[in-house]
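Participant: A structural model of the following input is requested.
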Amino acid sequence: MSRKASALIALCCAVAGVALSACDEATEAEPEAPANSSATTQDRAAFTGTRKIKVGERSVNVSCAGEPVEGRPVVILLHGGGDDVTKLAGLQNTLAAQGRVCSYDRLGAGASDQPDGPQSFETTGKILTGVLDQVAAGKPVVLAGHSLGGLIAGRYSPDHQDRVKGLVLMDATSPTQEADLRQQIPDSATGMAAELRQQTLAVFAGQGPEKLVVTDGEVRPAGNIPVEVIQHGKPYLTAVPEYGAGLERAWSEGQRKWLALSGRSNLSTAASSEHYIYVDQPDLAVRAIQRVADEAAKSK
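Facilitator: Coordinates of the predicted model:
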């Protein structure tokens, strides 16, 4: 695959959740049997491995590892567009040495149900709430999201300050990604840039696998919680002819916008990483998540 094609695929996955095979090279895990409906919330929160749970009328594929630690928040990993829990398995298993860690497939991703129709940040947030109700059993949580998962975490947290006590955003989609894209790649563009623009805007309109309508918005405060924003350091978007440098600048500016989530936000750069920071520099991602979980525990 050429560097230009890789950049196109990475950006589409990053901002829109396009289900392209190159977004995830991991094999799909075999889901376990659904949780018994008569099990208590505590029982459901204690399982390890992968199983399907009911959130309303929908079946959601969830993976959990590690044992709960008293006073320490449960870490919830949110995958990027076009990915699923299998992509996060290595990160989850490493983090599990320090405490409870879970991830889940959003509707339209992995082994979870397909959405009935277009989703919004509100509806995908309701699924997240339903997952937290069952896997965290009332404990506080730290959300660690990559790409589109980071955007969802950043949108969700301000309205759920009672339970979200820390955030890690790993090359999260910009809160103003549609406007950024329209500004950097004009309607008159041709070739690869035009293809990228067309595909991304189509998925923003809800035409991706998750059918999530991605809307721009201001970053709202999520409370005085620890927030780590990590951006990629290898400028892979420069491979987009003519517009690549502008895309890189806009992406970096989008990362800085996320700092408004909290007065305790910190921005860092993963110098050796392209978009998949937790794959390119897993130790860096692990340290950031553990540091936020440690600070959240102290702030309790």
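
Participant: which SS class is residue 247?
Facilitator: Assigned with DSSP: H, G, I helix; E, B strand; the rest coil, residue 247 falls in the helix class.

Participant: Can you tell me the centre-most residue of this protein?
Facilitator: Nearest to the geometric centre of the chain sits residue 149, at 1.7 Å (CA atoms, centre = their mean).

Participant: Isn't that residue up against residue 80?
Facilitator: Yes - counting by CB atoms under 8 Å, residue 149 does reach residue 80; the two are 5.4 Å apart. All C-beta spots, glycine's among them, are computed from the backbone N, C-alpha and C.

Participant: where exactly do the helices run in the stretch 101-250 of the chain?
Facilitator: For the stretch 101-250 of the chain, the helices defined by DSSP state H, counting those that start in this stretch occupy 121-135, 148-156, 177-184, 191-204, 244-257.

Participant: Please identify which of those helices is closest to residue 164.
Facilitator: Smallest distance to residue 164 across the helices of the stretch 101-250 of the chain (CB to CB): 7.2 Å, for helix 148-156.

Participant: Residue ranges in the stretch 1-150 of the chain under the pLDDT threshold?
Facilitator: Counting by pLDDT under 70, the stretch 1-150 of the chain shows low-confidence ranges at 1-45.

Participant: just the strands in it please.
Facilitator: Here the stretch 1-150 of the chain has its strands, by DSSP state E, counting those that start in this stretch, at 49-55, 58-65, 74-78, 101-104, 141-146.

Participant: want to throw those into JSON lines with mean neighbour count?
Facilitator: Output for the strands of the stretch 1-150 of the chain, formatted as JSON lines (neighbours: other CB atoms under 10 Å):
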{"stretch": "strand 49-55", "mean neighbour count": "18"}
{"stretch": "strand 58-65", "mean neighbour count": "23"}
{"stretch": "strand 74-78", "mean neighbour count": "27"}
{"stretch": "strand 101-104", "mean neighbour count": "28"}
{"stretch": "strand 141-146", "mean neighbour count": "29"}
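
Participant: Turn the ones you listed into CSV, columns for distance to residue 228.
Facilitator: Formatted as CSV, those follow (distance: least, CB to CB, whole Å):
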stretch, distance to residue 228
strand 49-55, 27
strand 58-65, 21
strand 74-78, 12
strand 101-104, 16
strand 141-146, 9
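
Participant: How about the contacts made by the residue nearest to the residue nearest to the centre of the chain when sequence neighbours are not counted?
Facilitator: In this structure, residue 149 finds its nearest non-sequential neighbour in residue 78, 3.0 Å apart by CB to CB, 6 or more residues apart in numbering. Contact analysis of residue 78 by CB atoms under 8 Å, 6 or more residues apart in numbering lists 103, 106, 128, 143-146, 149-150, 152-153.

Participant: follow-up on the earlier one: ok, the residue nearest to the centre of the chain to residue 246 distance?
Facilitator: 25 Å (CB to CB, to the nearest Å).

Participant: contacting residues around the residue sitting furthest away from the middle of the chain?
Facilitator: Here the chain reaches farthest from its C-alpha mean at residue 188, the gap being 31.5 Å by CA atoms, centre = their mean. Under the criterion of CB under 8 Å, 6+ apart, residue 188 has no neighbours.

Participant: So for it, what's the pLDDT?
Facilitator: The model reports residue 188 with a pLDDT of 96.

Participant: Quick check: residue 296 touching residue 224?
Facilitator: No - using CB under 8 Å, residue 296 is not in contact with residue 224; the gap is 11.1 Å.

Participant: neighbour count winner among the two?
Facilitator: residue 296 (22 against 11; other CB atoms under 10 Å).

Participant: Helix or strand: which one has that one?
Facilitator: For residue 296, the element it lies in under DSSP states H and E is helix 282-298.

Participant: Next, count neighbours for residue 162.
Facilitator: Neighbour tally, residue 162, other CB under 10 Å: 8.

Participant: hang on, I meant residue 125
Facilitator: Residue 125 has 18 neighbouring residues, counting by other CB under 10 Å.

Participant: now swap in residue 246 and tell me
Facilitator: 16.

Participant: how about the nearest residue to it, chain neighbours excluded?
Facilitator: residue 184 (4.3 Å).
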